[in-house]
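Chemist: no FASTA, just this:
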């Protein structure tokens, strides 16, 4: 469990510090969930941080439509894609993987969601990319809830629950193992900075 806690801290603390700001080669991936701020705050990253805006819906979403996402973004673009319904995080990341294959011009991915969900999302994405033989830099971006401290909900029980989920999903093969995560971080550190 200590290794998983280290992985979580690495994603939340160090991950956002690594940036590759070439918007034309970057996709913003938003995992909306049930909190509206994940959409309203996430779309603020587009298009200044990334040309592509990908919203990976899931069963817990309040049924965001592409039109509502466009309205929140303040503009329409063929680069705004909505993933529709997914049963769980792994399916969201499989949708993202498929988009990365389709859009080979995307060389960097900004992953945005609530702080507590971000580690599991990133580790699931790394595992999904690993299985597909895809390696691109990921910049985790915890979203701020304008109505309250986004990290306030990160109490001991929530953190413990997420770490248990990560461990359980690692055993199922849906989430990157500690070894795959370390290999990914080493690969990322070896990439030249611009």
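Modeler: That came through fine. Here the structure is a predicted model, which is why all the values come from computation and not from measurement.
Chemist: What ranges does the protein have for its helices?
Modeler: 2-9, 37-42, 66-73, 89-102, 118-132, 156-172, 178-190 (DSSP state H).
Chemist: Next, the angle from the longest one to helix 2-9.
Modeler: Compare the direction of helix 156-172 with that of helix 2-9 by axes from the mean of the first three to the mean of the last three CA atoms, to 10 degrees and you get 110 degrees.
Chemist: So in terms of bridging, what pairs with the residue sitting nearest the centre point of the chain?
Modeler: Closest residue to the average C-alpha location of the chain: residue 111 at 2.9 Å, with CA atoms, centre = their mean. Assessed by DSSP bridges, residue 111 has beta-bridge partners residue 29, residue 140.
Chemist: quick one: pLDDT of it?
Modeler: With respect to pLDDT, residue 111 scores 94.
Chemist: go on, residue 1?
Modeler: If you check residue 1, the pLDDT there is 65.
Chemist: can you pull the contacts of residue 158?
Modeler: Taking CB atoms under 8 Å, 6 or more residues apart in numbering, we find residue 158 in contact with residue 116. In this view, the C-beta of every residue, glycine as well, is placed from N, C-alpha and C.
Chemist: for the one 4 residues further on, same thing?
Modeler: If a contact means CB under 8 Å, 6+ apart, then residue 162 has 8, 116-117, 119-120 as its contacts.
Chemist: Out of these, which comes closest to residue 70?
Modeler: Among the contacts of residue 162, residue 117 lies closest to residue 70 (CB to CB), at 23.7 Å.
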